[in-house]
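Asks: Next comes the sequence, and after it the predicted model I'd like to discuss.
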Amino acid sequence: MKTDMRVFVCVFFMFLGLFCLVTGEHFLEPYYSFDERFHFATAISIATQGSLHFEAIDGQTASKFGILPALLAIPFYAVGSLVSDLFPLEQMVKNGLVTQIFYLVNAFITALLLAFFYRFSRFLSYPRRSALYATIILGIGTMLLPYTKYFYIESIVALLALLLCLSLCRWNRDGKTGRLVAAGFWFALLLLTRLDNLALLPVMGLAISWKILKEGSAEEKRPGRLVSRSALRAFAAFLLPVSAGIGAHLIIEYMKYRGQPSGYAGEVFSTNFFFGLFGNLFSAGRSIFLYSPPMLAALMFFPRFARRHAFAAFVVAGTVLLKLFVFGKWWGWNGGMCIGPRFLLPVIPLCCLALNEGFCRWKRLPGWVRGLTWATVLSGLYVQIIAALFRPGLQSEYYHVMAGGDENQMVYIPNISGLFPAPGIIRMGHIDNWMMSWAKFLPAWTAVLLAAGEIFLIAFMALCLYLLIRPRRQDLVILSPRAPAPLRKAFAILLLANVLFFLLCYLGKNMNILWHEEIRRYKDGRVETIIVASRQIAVDRRLLTIPENLDEIQMRWKGELDLPLKGIYIFYMKANGGALFKLDDQPLILSQKNEPQSTRKAELRLKPGRHFFTLDYTPRDLARPVLHLYATFPGFGVDRELLTNRNVFMSPPSPLVRASLFLDNFKCLAPLLSLLLLALIHAVNSSKQTGSEDMEDRTMNPRQNDKS
């Protein structure tokens with residue numbers, strides 16, 4: 001038990017350091033969403049005024065959410081205020097520092113969740129190595145990682161749901177009433193976080209009834225009594241804390257609204273269930289399997305998990321099904337401007353308990369199962385790195401116009417939904433990390449010191465875990481040493497070939513640099529011309545640094561559009577100020593300098609090939625420059641694509657760049673072809689092995705062959 005407690009502490013601090021390292025930037029843009037503003041405003045109001053009300057935000061003076069997130073944020077507000085008062089800072093910088101510390105709430109919550117996930121795995125009698133491997137994959141390969149940046153309440157719900165399930169499983173094992181009281185307490189906190197968790201009450205009731213019916217004694221029943229005393233004690237122990245939580249929630253709601261309609265007034269379960277279900281499971285913008293790929297491996301191991309731990313599997317499956325139903329019907333089923341299926345985040349840790357089944361019997365798994373598990377883990381790591389560097393609000397600024405303002409299109413059209421446009425935005429320099437703007441407001445050495453401390457904490461705790469667990473190489477190999485030599489060689493060669501292929505596509509595409517000319521006129525009469533490099537035809541306030549004393553700036557792009565198809569092209573230009581787009585020396589779209597931000601379009605039938613273009617832009621307001629150029633290609637319906645270095649060339653591209661862009665169109669086929677080739681090699685090798693075994697049998701038994 002001492003070793004498990006040490007691992008618990010190391011897991012907590014290792015992931016806490018990681019989550020603090022990847023937290024977002026909040027000096028320039030304090031909040032991600034209105035939901036977070038409600039939590040923070042409530043926390044500040046309680047801490048400073050002892051009130052649940054605050055100045056109106058989006059027309060509301062009280063938060064529609066539960067009280068628990070605000071209460072958890074109060075200590076972080078206190079620490080942020082204390083730290084900001086230690087230094088003579090401007091008020092704007094103080095507010096930014098307080099907000100920056102505010103946003104560490106979910107980092108602490110998620111680190112604690114992962115530590116308890118390890119304890120839960122150990123409680124289910126899984127080996128330490130298996131439990132630690134599953135915990136690490138949950139922490140770096142699922143949506144838990146990027147959601148530590150935000151202050152959405154789903155991370156708190158995930159922790160409380162895990163503790164609730166753990167308490168019920170402990171009660172199922174030892175039958176102590178105190179376990180049910182603890183489970184009722186966690187459920188009450190769930191209700192004080194978000195009231196829709198009340199829908200989970202039937203699952204908990206059925207789980208308790210299952211235990212009672214399975215082990216209850218008929219001798220405890222008196223004549224005429226339908227329910228035994230043990231059943232009454234069990235339900236009373238669970239429902240008393242739950243009733244207290246419901247009562248507390250009703251009192252708080254009355255204090256907020258005094259009988260007036262709450263913040264949820266008008267929000268209904270109006271979505272077609274199958275529409276929401278499909279979106280949460282399979283859509284490009286919200287698929288839980290796409291944004292948390294290890295869930296595929298967990299689903300693969302869940303049947304065995306259910307056979308070994310039927311009670312825990314029942315609670316997990318019931319929770320997942322009810323969450324899918326509730327948020328499949330909810331009017332805002334997609335969770336708004338966020339990464340992945342936000343409302344399904346609480347079920348991910350529960351489902352990932354099944355990963356322990358794979359790791360505890362790793363060496364006995366077939367090679368294809370180990371390979372698929374590794375593929376989901378690596379895919380999950382890639383997805384979370386992209387999501388952690390990406391600010392979802394930028395998706396609205398760059399891609400909302402491409403969906404015509406229809407949020408559902410941003411969920412279902414791949415190239416403008418969630419994960420897919422994120423790499424392009426990151427390549428533009430839009431990286432959401434606290435270190436990106438820290439030096440603009442505070443001394444740079446403080447950022448270096450904090451980052452070094454976080455990295456040291458991660459490395460030290462990882463070393464401690466290594467010394468405690470002593471992982472073995474054979475625990476995580478894909479192909480066992482007993483696998484045929486041709487298959488192992490082919491796997492190594494194909495893995496290296498895929499890495500080189502994707503690296504070639506990436507480097508070749510990024511060798512095509514788009515540049516534009518900027519003419520800057522200053523108020524003192526100076527004029528300077530500079531060349532600025534980029535990878536997309538886009539300008540906004542984050543990409544454009546405005547020097548002091550600047551009076552006007554003019555930008556010009558000049559190059560070639562490489563159009564692959566014949567047909568009608570639709571070009572869209574979103575601009576705030578004066579802009580002129582010419583194609584083949586013909587004016588196509590014009591926007592006057594004194595006009596506010598708008599989107600204009602033009603249709604033109606074009607032949608495939610290269611077309612000369614120029615684009616001139618003068619911002620109307622230097623504080624809010626906006627210029628985006630999109631195109632709809634023939635045969636792609638209403639799909640609009642931001643013109644990037646895939647189609648735009650400032651000079652004739654080299655053969656290497658052209659080859660890389662061509663191969664980039666087929667990069668998704670490379671892994672599939674590799675898998676098919678491995679399967680073919682395995683089949684040929686198996687047939688040869690079977691044939692050699694038949695020949696040996698005939699050699700060893702000649703008489704039997706003669707009789708036959």
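Replies: The structure has been received and is ready for your questions.

Asks: Tell me the secondary structure at residue 615.
Replies: Under the three-state scheme (DSSP: H, G, I helix; E, B strand; the rest coil), the conformation of residue 615 reads as strand.

Asks: could you list every residue that touches it?
Replies: Neighbour list for residue 615: 537, 556, 557, 558, 579, 580, 581, 582, 629 [criterion: C-beta atoms under 8 Å, 6 or more residues apart in numbering]. No exception for glycine: its C-beta is placed from N, CA and C like everyone else's.

Asks: What is the nearest of these to residue 593?
Replies: residue 579 (8.6 Å; C-beta to C-beta).

Asks: Would you double-check that that closest one falls in a strand?
Replies: Yes: the assignment for residue 579 is a strand, going by three-state DSSP.

Asks: which residues touch it?
Replies: Listed by C-beta under 8 Å, 6+ apart, the contact set of residue 579 reads 573, 589, 590, 591, 615, 616, 617, 618, 627.

Asks: any idea how far stretch 132-143 is from the chain center?
Replies: Mean-position distance between stretch 132-143 and its chain equals 13 Å (C-alpha atoms, centre = their mean, to the nearest Å).

Asks: before we move on, could you check phi and psi at residue 470?
Replies: Torsion angles at residue 470 (phi, psi; degrees, to the nearest 10) stand at phi 50, psi 70.

Asks: close enough to count as contact, residue 622 and residue 549?
Replies: No: under the criterion of C-beta atoms under 8 Å, residue 622 makes no contact with residue 549, lying 11.3 Å away.

Asks: Settle it for me: which of the two has more neighbours?
Replies: residue 622 (15 against 9; other C-beta atoms under 10 Å).

Asks: Surely residue 338 is in contact with residue 152?
Replies: Yes: counting by C-beta under 8 Å, residue 338 touches residue 152, with 7.2 Å between them.

Asks: and for these two, which residues touch both?
Replies: Joint contacts of residue 338 and residue 152 (C-beta under 8 Å, 6+ apart) are residue 33.

Asks: between the two, which one's more packed in?
Replies: residue 338 (26 against 22).

Asks: residues contacting the residue nearest to that one when sequence neighbours are not counted?
Replies: Nearest non-adjacent residue to residue 338, counting by C-beta to C-beta, 6 or more residues apart in numbering: residue 392, 5.5 Å away. Applying C-beta under 8 Å, 6+ apart to residue 392 gives the contacts 32, 337, 338, 339.

Asks: a helix runs through the third one, doesn't it?
Replies: Going back to what we said before, that points to residue 338. No: assigned with three-state DSSP, residue 338 falls outside any helix and is coil.

Asks: about what we covered before: quick one: the residue nearest to residue 338 and residue 82, what's the gap?
Replies: As judged by C-beta to C-beta, to the nearest Å, residue 392 and residue 82 stand 31 Å apart.

Asks: my guess is residue 15 meets residue 110, correct?
Replies: Yes: Residue 15 lies in contact with residue 110 (C-beta under 8 Å); the separation is 7.0 Å.

Asks: what sits in contact with each of the two?
Replies: By C-beta under 8 Å, 6+ apart, the residues touching both residue 15 and residue 110 are residue 139.

Asks: Which one's more surrounded, these two?
Replies: Neighbours per residue (other C-beta under 10 Å) separate residue 15 from residue 110, with residue 15 holding more: 28 against 25.

Asks: Can you tell me the closest non-neighbouring residue to the more buried one?
Replies: Spatial nearest neighbour of residue 15, excluding adjacent residues (C-beta to C-beta, 6+ apart): residue 111 at 4.3 Å.

Asks: Around that neighbour, count how many other residues there are.
Replies: The burial count for residue 111: 23, using other C-beta under 10 Å.

Asks: now it, what's its secondary structure?
Replies: Residue 111 is classified as helix under three-state DSSP.

Asks: got the contact list for it?
Replies: For residue 111, the contact set (C-beta under 8 Å, 6+ apart) comprises 11, 12, 13, 15, 16, 19.

Asks: Next, residue 27: phi, psi?
Replies: phi -80, psi -50.

Asks: scratch that, residue 563
Replies: Main-chain dihedrals, residue 563, degrees, to the nearest 10: phi -100, psi 120.

Asks: For it, list each beta-bridge partner.
Replies: residue 609 (DSSP bridges).

Asks: Over to residue 586?
Replies: Under the criterion DSSP bridges, residue 586 forms beta bridges with residue 583.
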